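Enquirer: only geometry, no sequence info:
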């Protein structure tokens, strides 16, 4: 409870040692590096759209049909799938590109287009029917959520406590809140 955290949210890859960071949280597949990685949790990307969008524009039945749809893009223009039991990526185009998953899910809910986002953004909306999963048979496999820190730096007790806390909280199914439990 007494741990103070300075949080810098960015999608840029930072040099932890050079920039003086104790810890980074990275998502997806890690590149080889000199950093120590601890898996905190997993995330599954879903391709989905609102019922209003699919009623108006139809549902894609294959990856090639995504080119005829309005895709809502995050940081990149590649969406990930599983095709013939292997990872497969497709470049998509769209009219909206945004680095906020919350804004992208809001646009999808409003029927603006199709989005690929991790489960923690869309699972509640899929459960209530506000979003529909598209191409479920091609869903990409789970990706990691990782804590990274320099291997040549002694991990301080405070940073270790934070990493343990994140692993505990993020590893719980459906848990996305980092607030301490009440009670």
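Expert: Looks like it arrived, so ask away. None of these values were measured; they are calculated from a predicted model. Numbers count the residues shown, from 1 in each chain.
Enquirer: skip the chain neighbours and tell me the closest residue to the residue nearest the centre of the chain.
Expert: Geometric centre of the chain, nearest residue: residue 118, 4.2 Å, by C-alpha atoms, centre = their mean. Nearest non-adjacent residue to residue 118, counting by C-beta to C-beta, 6 or more residues apart in numbering: residue 43, 4.0 Å away. Where you see a C-beta, it was placed from the backbone N, CA and C, and this is true even at glycine.
Enquirer: now the strands for this structure?
Expert: In the chain, the strands defined using DSSP state E lie at 24-27, 35-43, 45-49, 71-73, 78-83, 86-91, 96-97, 114-118, 132-133, 143-150.
Enquirer: just checking: what are the partner strands of the second one?
Expert: Strand 35-43 has the following sheet partners, assigned by DSSP bridges: strand 143-150 (antiparallel).
Enquirer: quick one, the partner strand and strand 114-118 angle?
Expert: 50 degrees (axes from the mean of the first three to the mean of the last three C-alpha atoms, to 10 degrees).
Enquirer: list the buried residues of strand 143-150.
Expert: Neighbour-count burial for strand 143-150, counted by 16 or more other C-beta atoms under 10 Å, picks out 143-150.
Enquirer: over to stretch 65-77?
Expert: Using 16+ other C-beta under 10 Å as the test for burial, stretch 65-77 gives 66, 69-74.
Enquirer: just checking, what packs against the longest helix anywhere in the chain?
Expert: If you go by DSSP state H, the chain has its longest helix at helix 157-170. On a contact count with 3 or more C-beta pairs under 8 Å, 6 or more residues apart in numbering; DSSP states H and E, helix 157-170 meets strand 35-43, strand 143-150.
Enquirer: so which of those gets nearest residue 104?
Expert: Using C-beta to C-beta as the measure, strand 35-43 is the one of those that comes nearest residue 104, at 14.7 Å.
Enquirer: how far out from the middle of the chain is the helix or strand of the chain with the lowest mean pLDDT?
Expert: When the helices and strands of the chain are scored by mean pLDDT, DSSP states H and E, helix 16-19 comes last with a mean of 83. Put simply, helix 16-19 sits 24 Å off its chain's centre (C-alpha atoms, centre = their mean, to the nearest Å).
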